[in-house]
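> Whatever this is, show me its structure:
(one chain, ligands or ions: 4)
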Amino acid sequence: MESMPAAGYDLHTHSTFSDGTTSPAEIAREAARIGLAGFALTDHDTIDGWGEAREAAAAAGVDFVPGIEITTKHRGLSRHLLGYGIRSEAGELFETLAEIRESRLARAREMVRRLSGEYAISWDAVVGSNDVRTVGRPHIADALVAAGYAVDRSAAFAEMLSPASPYYLDTYAVDTANAIRLVRDAGGFPVIAHPAASRQRRPLPVDDLAELAEAGLGGVELDHPENRADWLPPLAAHAVSLGLEVTGASDYHGDGKPNRLGECTSPPEVVARIRADVALPA
Ligand code: AMP
Ligand code: ZN
Ligand code: FE
Ligand code: FE
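Ligands and ions are numbered 1, 2, ... in the order given. Predicted structure coming up:
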């Protein structure tokens, strides 16, 4: 029997404003339907989905936590940083986010140019949605799937879009410690995303966790479907000794990934402490 998700918060979801396949309003309604207490919208490098999510969450009777997932890099490796409750559109964080989105656009265009030598896909097929603010490999994967070259996003990621493929390009990523400071300067609460994800070459080293805590990190996403169980114990022990919040979240991408909304959640007490830390109104 499938168990019902606990009445917690899913603190990591993506909508059509980045590389999810469902709108912010659909995520809000689905969160209410499955009995979540609340959810955070954490699109890659944009907060443009917040308005729609907040409105739909209020209508559906589910709590909304404003969030973002920032493309960062630490010691040469890609590390994603979640930020909750960031305040103002002004300031350095938002300038940095604009730079990241622009770099992603140039990188995606060049990857499509490289791929088009081999596969009949066009740029128009990649940026189909009106909402999309942040393009990524998932959008290129969709174009490859639509043209019949891959069965789904995962297949395209495993083949043409893998870092080992000749079509792959890196994108600009801000230094993780710097991004933590930018999130704090914007009044937000920084949490390191999926630090033990199996896709990463290695888990976040505990020394790096301590360094990032020193820079202002507030939490660590230990309960995530892609975290490797055998990589977690040292991170869990250090999270406690460093006084970091431990969060859980699904990294829902609609139909774009197997992750199910609410499959990992954070208890309401954790969300209440995050809210209190950044004085975010309930
Ligand atoms: P990018 O940031 O453009 O390099 O693309 C990485 C994004 O693609 C991340 O948000 C992942 O969640 C997503 N992603 C990674 N692997 C897959 C997969 N197998 N299927 C669908 N989405 C994926
Ligand atoms: Zn994504
Ligand atoms: Fe991520
Ligand atoms: Fe994510």
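> Show me the helices in the stretch 1-150 of the chain, by range?
Applying DSSP state H, counting those that start in this stretch to the stretch 1-150 of the chain gives helices spanning 24-33, 50-60, 92-115, 123-126, 137-146.
> can you put the ones you listed in CSV and add mean pLDDT?
Putting those into CSV (pLDDT from 0 to 100) gives the following:
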stretch, mean pLDDT
helix 24-33, 98
helix 50-60, 98
helix 92-115, 97
helix 123-126, 90
helix 137-146, 97
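> Would you confirm that Asn227 contacts Arg199?
No - look at Asn227 against Arg199 with Cβ atoms under 8 Å: they stay out of range, at 10.4 Å. Any C-beta I mention is one placed from the backbone N, CA and C, and that applies to glycine too.
> These two: who's more crowded?
When Asn227 and Arg199 are compared on other Cβ atoms under 10 Å, the one with more neighbours turns out to be Asn227, at 22 against 10.
> And the more buried one, what's its pLDDT?
Predicted confidence (pLDDT) for Asn227: 98.
> do the same with Asn130
Here the pLDDT value assigned to Asn130 is 82.
> Next, count neighbours for it.
6.
> How much space separates it from ligand 3?
24 Å (Cβ to the ion, to the nearest Å).
> any idea how far that residue is from Phe17?
Asn130 is 10 Å from Phe17, where distance means Cβ to Cβ, to the nearest Å.
> Check Leu235 too.
According to Cβ to Cβ, Leu235 and Phe17 sit 30 Å apart.
> Show the model's pLDDT score for His238.
Here the pLDDT value assigned to His238 is 98.
> and it, what does it touch?
By Cβ atoms under 8 Å, 6 or more residues apart in numbering, His238 lies in contact with Val206, Leu209, Ala210.
> Ligand 4 contacts on the stretch 1-150 of the chain?
Residues of the stretch 1-150 of the chain lying close to ligand 4 by Cβ under 5 Å from the ion are Glu69.
> Can you name the residue of the stretch 1-150 of the chain nearest ligand 1?
Taking Cβ to the nearest ligand atom, ligand 1 has its nearest neighbour within the stretch 1-150 of the chain at Gly136, 2.7 Å off.
> so how many other residues sit close to that residue?
For Gly136, using other Cβ under 10 Å, the count is 19.
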